[in-house]
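Engineer: Got a predicted structure plus its sequence, pasted below:
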Amino acid sequence: MEGDIANMGQFIGAGLAAIGSGAAAIGVGHVAGNFLAGALRNPSAAPGQTATLFIGIAFAEALGIFAFLVALLLMFAV
Amino acid sequence: MADEAKGGALEFHPMDQFIVEPLFGGDTIHWYTPTNVTLWMFLTVLAITAMLVLGTRGRAIVPSRAQSVAELAYGFVYKMVEDVAGKDAVKFFPYIFTLFLFIIFANFLGLIPMAFTTTSHIAVTAVMALAVFLTVTVVGFVKNGASFLSLFWVSSAPAAIRPVLAVIEVISYFVRPVSHSVRLAGAMMAGHAVVKVFAGFAAIAAIAPLSIVAVVAIYGLEVLVSAIQAYVFTILTCVYLKDALHPHH
């Protein structure tokens, strides 16, 4: 492919992939916010659920990191 | 490669810190070449050994600082394995404790300026995630035999959609090592790249004070992320192990 057009596509694609980070941020915020809402209603049950909280955050965050990985691949590997 | 993008506004490229280089000069890297990755992995193991062997050498009733850190880490991971994976998973505790200590020490050593973060390379994390994946699969089949496959057959769901769920469960089972490794490597790489990007902005006089404050703030966040990612990797190992030991939904 012609260099300029291909480069432009890479940059646009990497920028679009960065939207995924924002989506992951919404997901992580949703998990943490709901945990806090639940924890404030029943504080005595909260400490037992921190492991679940972190697992939930990890799953939500993984997809954002996949988006970051796509951006990295477009910038450096393609 | 987008060559004109390199070094545009920044003094150095933020991804330069992840280049694997031979330790004693030369250009080619064989599997036996000592590189900066080898060096920092060795330092990681050395630091863990120092904490666990030298730190607890006194075996004091009232622990010294190093001994109490070692005891806290031991108790923390032991409780995690027991709570998440169950009592019968405790015989895998040495393996999980090793993973936890290696990751958390590699992450923290990588935060030292000019250090190399070994866990930011997918090659490193993929080996650990694949080892966990293989262990869990083998343990699952050895413990449960063919009934381990009931992990994929969600018996609580309506019979009609069970085949569909089985396909999804199988796919998600095999994506586990990918997400397990990419999560750790991606989080470490992204965080260190962000620190370097802000450090690069510090060379521009107008925004230097702001970017230095930002570097400090992001560094603080990175300390937190280092610990949390080690915790997450370990707890997911426990979750996978629980699936292998008790596959029935």
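Structural biologist: Perfect, I can see it now.
Engineer: make it CA atoms for all contacts and neighbour counts henceforth
Structural biologist: Fine.
Engineer: mind checking pLDDT for the residue in chain B positioned nearest to chain A?
Structural biologist: The minimum distance from chain B to chain A, using Cα to the nearest Cα, falls at B:Arg183 (5.3 Å). Looking at B:Arg183, its pLDDT is 89.
Engineer: Can you give me every residue that contacts it?
Structural biologist: Contact analysis of B:Arg183 by Cα atoms under 8 Å, 6 or more residues apart in numbering or on different chains lists A:Ala58, A:Glu61, A:Ala62, A:Ile65, A:Phe66.
Engineer: What about these, which are in helices?
Structural biologist: A:Ala58, A:Glu61, A:Ala62, A:Ile65, A:Phe66 (DSSP state H).
Engineer: okay, and for chain A, where does confidence drop off?
Structural biologist: The model of chain A has pLDDT under 70 over residues A:1-2.
Engineer: Strands of that one, residue ranges please.
Structural biologist: Counting by DSSP state E, one finds no strands in chain A.
Engineer: burial count for whichever residue of it sits closest to chain B?
Structural biologist: Among the residues of chain A, A:Ala62 lies closest to chain B, at 5.3 Å counting by Cα to the nearest Cα. Counted by other Cα atoms under 10 Å in any protein chain shown, the residues lying close to A:Ala62 total 22.
Engineer: same question, B:Ile48
Structural biologist: By the measure other Cα under 10 Å, the count of residues near B:Ile48 is 20.
Engineer: Give the residue spans of chain B that score low on pLDDT.
Structural biologist: In the predicted model, chain B carries pLDDT under 70 at residues B:1-11, B:249.
Engineer: can you name the farthest residue from the center of it?
Structural biologist: B:Ala160 (39.0 Å; Cα atoms, centre = their mean).
Engineer: and the host helix or strand of the residue of chain B closest to chain A, which residues are buried?
Structural biologist: Taking DSSP states H and E as the criterion, B:Arg183 maps to helix B:162-201. Neighbour counts over helix B:162-201 (16 or more other Cα atoms under 10 Å in any protein chain shown) mark B:162, B:166, B:169, B:173, B:176-201 as buried.
Engineer: Could you tell me which residues of chain A lie near chain B?
Structural biologist: Taking Cα under 8 Å from any Cα of the partner chain as the measure of proximity, chain A contacts chain B at A:7, A:51, A:54-55, A:58, A:61-62, A:65-66, A:68-69, A:75-78.
Engineer: rerun that using 10 Å as the cut-off
Structural biologist: Listed as neighbours of chain B in chain A under the rule Cα under 10 Å from any Cα of the partner chain: A:3-4, A:6-8, A:10-11, A:48, A:51-52, A:54-59, A:61-69, A:72, A:74-78.
Engineer: Show the buried residues in these.
Structural biologist: Buried members of these, scored by 16+ other Cα under 10 Å, are A:7, A:10-11, A:51, A:54-59, A:61-69, A:72, A:74-75.
Engineer: Assumed B:Pro247 was part of a helix.
Structural biologist: No: read with DSSP: H, G, I helix; E, B strand; the rest coil, B:Pro247 is coil and lies in no helix.
Engineer: give me the number of residues near the nearest residue to it once chain neighbours are set aside?
Structural biologist: Take B:Pro247 and drop its neighbours on the chain: the residue closest to it by Cα to Cα, 6 or more residues apart in numbering or on different chains is B:Leu151, 4.8 Å away. Neighbour count of B:Leu151, defined by other Cα under 10 Å: 19.
Engineer: Do I have it right that B:Leu151 meets B:His248?
Structural biologist: Yes: with contact defined as Cα atoms under 10 Å, B:Leu151 counts as touching B:His248 (5.8 Å).
Engineer: Could I get the full set of helices for the chain?
Structural biologist: I went with chain A, as the question did not name one. Using DSSP H, helices in chain A cover A:3-41, A:50-72.
Engineer: you looked at the wrong chain, it should be chain B
Structural biologist: For chain B, the helices defined by DSSP H cover B:36-49, B:65-80, B:93-110, B:122-144, B:162-201, B:208-245.
Engineer: what angle sits between the shortest one and helix B:122-144?
Structural biologist: Going back to what we said before, that points to helix B:36-49. Helix B:36-49 and helix B:122-144 are oriented at 50 degrees to each other (axes from the mean of the first three to the mean of the last three Cα atoms, to 10 degrees).
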